[in-house]
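> with the input below, show me the fold.
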Amino acid sequence: MILILSKLFWVVIFYQYVLYSISYCKFRAYVVHVLLMISRSSVAIACIDRFSLCSPNVHIRVLNQRHIVIRLVIVVWFLWILLPIHVFVEVTIQIPGRRCDAGGIYSIIYGAYSAIITAIPLIIMVTFSSIAIRNLRHVHSRVRPIPM
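You can find the predicted model right below:
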């Protein structure tokens with residue numbers, strides 16, 4: 001009885017649904033892609049927000065408002081929910097080796113797409129963070145303590 005229960009426990013816990021269910025394979029690939037891109041884009045939005053907060057230009061500082069950031073986050077969420085629909089179409093279980101992956105020319109196109117799409121938030125983060133740091137140093141150099 002214990003042997004049967006342990007085998008049943010092993011099957012339930014360690015069964016790899018992704019290798020045997022096409023719908024689970026597609027859904028998992030889609031969700032992983034969406035969540036990774038939403039997280040990267042959210043950090044990029046945060047960097048843009050910090051840049052707008054630290055800007056010496058009053059017209060850029062106006063962008064640092066809660067309702068603007070919330071709208072931007074909602075737009076980014078919808079963008080990343082709709083943009084990777086192609087994952088549902090092309091990802092499937094590849095029979096030799098039983099792996100959840102895209103095959104053929106789509107894997108090459110998806111590799112280029114991933115490299116470009118992943119680089120964009122990274123470039124935004126580096127650029128706006130660097131400008132924010134520069135602005136903070138500039139403000140810090142202008143503020144002088146009053147000698148007593």
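> so, low pLDDT: which residues of this structure?
Scanning the chain for pLDDT under 70 picks out 1-19, 93-94, 97, 140-145.
> can you rerun that using 80?
By pLDDT under 80, the weakly predicted segments of the chain are 1-22, 25, 91-103, 139-148.
> which residues in it form strands?
For the chain, strands defined by DSSP state E occupy the ranges 92-94, 99-101.
> okay, which residue is most central for the chain?
By CA atoms, centre = their mean, the mean C-alpha position of the chain lies nearest to M37, the distance being 2.0 Å.
> distance of it relative to G111?
Taking CB to CB, to the nearest Å as the measure, M37 falls 15 Å from G111. Bear in mind the C-beta positions are built from the backbone N, C-alpha and C, glycine included.
> let me see the contact set for A44.
Residues counted as contacts of A44 (CB atoms under 8 Å, 6 or more residues apart in numbering) are I120, P121, I124, M125, F128.
> give me the distance from the helix ranked longest in the chain to the chain's centre.
As assigned by DSSP state H, the longest helix anywhere in the chain is helix 105-142. The chain centre lies 13 Å from the centre of helix 105-142; the measure is CA atoms, centre = their mean, to the nearest Å.
> try stretch 41-58
18 Å.
> and if you look at stretch 129-148?
The answer for stretch 129-148 is 32 Å, by CA atoms, centre = their mean.
> report the buried residues of it.
Within stretch 129-148, the residues scored as buried using 16 or more other CB atoms under 10 Å are S129, I131, A132, N135.
> same thing with stretch 72-87?
In stretch 72-87, counting by 16+ other CB under 10 Å, buried: L72, V73, V76, W80, P84, V87.
> now swap in stretch 117-126 and tell me
I117, P121, I124, M125.
> for those residues, which one is nearest R61?
Nearest to R61 among the buried residues of stretch 117-126, counting by CB to CB, is I124 at 18.7 Å.
> give the contact list for C47.
For C47, the contact set (CB under 8 Å, 6+ apart) comprises I124, M125, F128, S129, A132.
> closest to L53 out of these?
Using CB to CB, the contacts of C47 come closest to L53 at A132, 7.7 Å.
> who touches that closest one in this structure?
Residues counted as contacts of A132 (CB under 8 Å, 6+ apart) are C47, R50, F51, L53, C54.
> need those in TSV with distance to I68, can you?
Output for the contacts of A132, formatted as TSV (distance: CB to CB, whole Å):
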residue	distance to I68
C47	15
R50	14
F51	13
L53	12
C54	16
